[in-house]
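Okay, here's the prediction I keep looking at, along with the sequence it came from:
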Amino acid sequence: MTTHLVWFRNDLRLHDNYALSAACRSPDARVLALFIATPEQWQQHNMAPRQAEFIGQHLNALGEQLAERGITLHIRQQADFSAAIDEVKQFCQQHDVSALFYNYQYEVNERERDARLERELDGQVICQGFDDSLLLPPGSVVTGNREMYKVFTPFSRAFIKRLKEQLPECVAAPQTRGEAVEFIPYELDYPRQRVDPQLFPVGERAAISQLRIFCQTAAVDYAEQRDFPAIKGTSTLSAWLAIGVLSPRQCLHRLLKEHPRALDGEAGAVWLNELLWREFYRHLLVAYPRLCRYRPFIAWTDKVRWNHNPEALLAWQQGKTGYPIVDAAMRQLNETGWMHNRLRMVVASFLVKDLLIDWREGERYFMSQLIDGDLAANNGGWQWAASTGTDAAPYFRIFNPTTQGQRFDSDGTFIRHWLPELAMIPGKDIHIPWEWADKRRQTIDYPRPIVDHKQARIATLAAYEAARN
């Protein structure tokens with residue numbers, strides 16, 4: 001009997017899993033599954049404890065599901081990717097594995113790991129990799145010169161054209177392969193941080209249900225509601241997408257089931273665009289590996305003279321900058337491991353353009369907190385905000401944090417939730433709490449602004465212009 005091994009990584013699901021489906025295609029093969037936790041590597045990559053906890057929860061849920069179908073999930077722990085290679089080789093030898101199946105990961109270290117493993121297996125085990133975490137493979141949507149697009153809009157047009165020609169296929173969950181086997185839950189050896197089960201319930205069923213409900217009820221209004229953090233106008237599906245409990249194909253097919261004209265720019269098109277941004281940043285990661293190594297896409301921006309200001313950085317991290325919308329957003333992140341997308345742009349702009357602190361400090365901090373941490377999306381977002389990336393906001397575009405709050409949380413509902421110390425400030429005055437307090441000669445338990453936005457804007461423009469010239 002031949003033995004097939006599925007190496008699970010960031011694809012913790014039964015449904016629409018290309019590697020799992022391929023491994024189970026032969027009815028006569030014995031199928032085993034393996035997951036290798038690499039806590040030292042995770043820490044090097046700044047993985048958030050909440051994300052590790054979320055992975056652990058879904059790993060055990062997946063193990064139970066596989067066991068019901070007669071597939072044993074073996075969970076191992078090694079320090080890093082190098083040790084993981086040895087673990088896979090040893091496992092293949094112990095279990096007489098003839099074919100190894102896995103879904104590609106596109107970051108530099110992960111690609112090097114897979115290439116080295118395949119070399120060292122040297123044909124003893126057939127390796128089959130799959131482009132599973134994307135709608136279309138990297139390098140398949142390029143310009144007429146066969147180069148990766150550097151601007152999102154033409155990329156998205158070309159991408160949609162490809163989707164109209166042929167949608168990527170979703171594959172079914174594997175059939176039961178014999179009697180159920182036992183699965184023993186595993187506890188990852190990594191710093192623990194609680195995940196709110198109301199915000200992020202565990203399991204494929206919960207993720208698929210959330211996807212379905214969003215597409216049925218909120219996707220049509222997404223364009224109007226997505227920028228307002230007090231409204232539940234976004235999908236919050238990124239947490240499941242990041243660790244592969246959902247696939248982008250499931251998202252696309254469910255959206256088109258509810259909104260068949262989304263590819264034509266009609267209802268649902270704006271949320272479809274979010275899926276395409278995810279693709280864009282991942283395709284860029286493959287085309288320009290330096291993005292994995294904290295390098296800016298636009299070379300001259302590396303000459304910007306950043307402020308070294310640990311006190312200001314800490315104030316930003318703790319949500320104590322004196323700008324209510326910034327602080328509320330950072331406290332949401334610290335408390336839940338998630339932040340509303342509009343606010344990710346606002347707080348990133350504030351760190352880089354108001355405090356003139358290196359964007360890489362923000363990128364690292366986000367990864368250390370986000371339950372939906374994803375290198376490509378996080379790097380892409382930070383480089384966009386810092387004006388250092390491809391198709392980024394021009395460097396002279398600087399968000400005013402006060403007017404951003406006034407525009408997107410006008411009555412202060414979101415701010416009051418996360419900054420209860422400002423709850424007594426009425427109406428729109430909450431966006432300028434110290435002006436309100438000083439007029440009344442009152443003291444409030446809230447810091448004064450750590451920087452003057454107008455002066456900071458002038459200094460930032462000068463720093464960018466000096467780097468550019």
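Arrived safely.

so where's the stretch 201-350 of the chain shaky on pLDDT?
For the stretch 201-350 of the chain, no stretch is flagged by pLDDT under 70.

can you give me the helices for it?
Ranges of helices within the stretch 201-350 of the chain are 204-217, 222-225, 238-243, 248-258, 269-287, 310-318, 324-336, 341-349, based on DSSP state H, counting those that start in this stretch.

nearest to R440, of the ones you listed?
Of all those, it is helix 324-336 that lies closest to R440, at 17.3 Å by CB to CB. Just so you know, the C-beta spots here come from the backbone N, C-alpha and C atoms, and that holds for glycine as well.

Give me the buried stretch members for the closest one, please.
Neighbour counts over helix 324-336 (16 or more other CB atoms under 10 Å) mark 324-333, 336 as buried.

Same list (the helices of the stretch 201-350 of the chain) but as JSON lines, adding distance to R113.
Formatted as JSON lines, those follow (distance: least, CB to CB, whole Å):
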{"stretch": "helix 204-217", "distance to R113": "26"}
{"stretch": "helix 222-225", "distance to R113": "37"}
{"stretch": "helix 238-243", "distance to R113": "18"}
{"stretch": "helix 248-258", "distance to R113": "23"}
{"stretch": "helix 269-287", "distance to R113": "15"}
{"stretch": "helix 310-318", "distance to R113": "31"}
{"stretch": "helix 324-336", "distance to R113": "30"}
{"stretch": "helix 341-349", "distance to R113": "29"}
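
so which of those comes closest to Q94?
Using CB to CB, the nearest of the helices of the stretch 201-350 of the chain to Q94 is helix 238-243, at 27.3 Å.

Can you pull up the most central residue in the protein?
Nearest to the mean C-alpha position of the chain, counting by CA atoms, centre = their mean, stands D374 at 3.3 Å.

quick one: the nearest residue to that residue once chain neighbours are set aside from A459, how far?
Nearest non-adjacent residue to D374, counting by CB to CB, 6 or more residues apart in numbering: A242, 4.6 Å away. Distance of A242 to A459, given as CB to CB, to the nearest Å: 35 Å.

what does P197 give?
For P197, the distance to A459 - CB to CB - is 45 Å.

So for the two, which sits in the more crowded spot?
The neighbour comparison of P197 against A459 (other CB atoms under 10 Å) goes to A459, with 15 against 10.

What residues does A392 make contact with?
By CB atoms under 8 Å, 6 or more residues apart in numbering, A392 lies in contact with 297-298, 383-386.

just M1 next, same as before
28-30.

try Q406
Taking CB under 8 Å, 6+ apart, we find Q406 in contact with 428, 431.

Parallel or antiparallel, list what pairs with the top strand by length along the chain.
In the chain, taking DSSP state E as the definition, the longest strand is strand 30-37. Strand 30-37 has its sheet partners listed here by DSSP bridges as strand 3-8 (parallel), strand 72-77 (parallel).

Quick check: what element follows the last one along the chain?
Downstream of strand 72-77, the next assigned helix or strand under DSSP states H and E is helix 81-94.

Next: the first one.
Next along the chain after strand 3-8, taking DSSP H and E as the criterion, comes helix 18-23.

What pLDDT is listed against A393?
Looking at A393, its pLDDT stands at 84.

does it really touch Q383, like I thought?
No - if you go by CB atoms under 8 Å, A393 and Q383 don't touch, sitting 9.8 Å apart.

more neighbours, these two?
A direct count of neighbours by other CB under 10 Å for A393 and Q383 places Q383 higher, at 27 against 17.

so who does the more buried one touch?
Applying CB under 8 Å, 6+ apart, the residues contacting Q383 are 291, 296-297, 359, 389-390, 392.

Please work out the angle formed by the directions of the longest strand of the chain and helix 81-94.
With axes from the mean of the first three to the mean of the last three CA atoms, to 10 degrees defining the directions, strand 30-37 sits at 160 degrees from helix 81-94.

which is the next helix or strand following strand 30-37?
Scanning forward in sequence from strand 30-37 by DSSP H and E, the next helix or strand is helix 39-44.

in that following helix, what counts as buried?
Residues 39, 41-43 are the ones in helix 39-44 that count as buried (16+ other CB under 10 Å).

of all the residues you listed, which comes closest to E112?
Minimum distance to E112 across the buried residues of helix 39-44 is 12.0 Å, recorded for Q41 (CB to CB).

Distance of the nearest residue to that closest one once chain neighbours are set aside relative to L188?
Nearest in space to Q41, with sequence neighbours left out and distances taken as CB to CB, 6+ apart, is D80 at 4.3 Å. D80 sits 15 Å away from L188, going by CB to CB.
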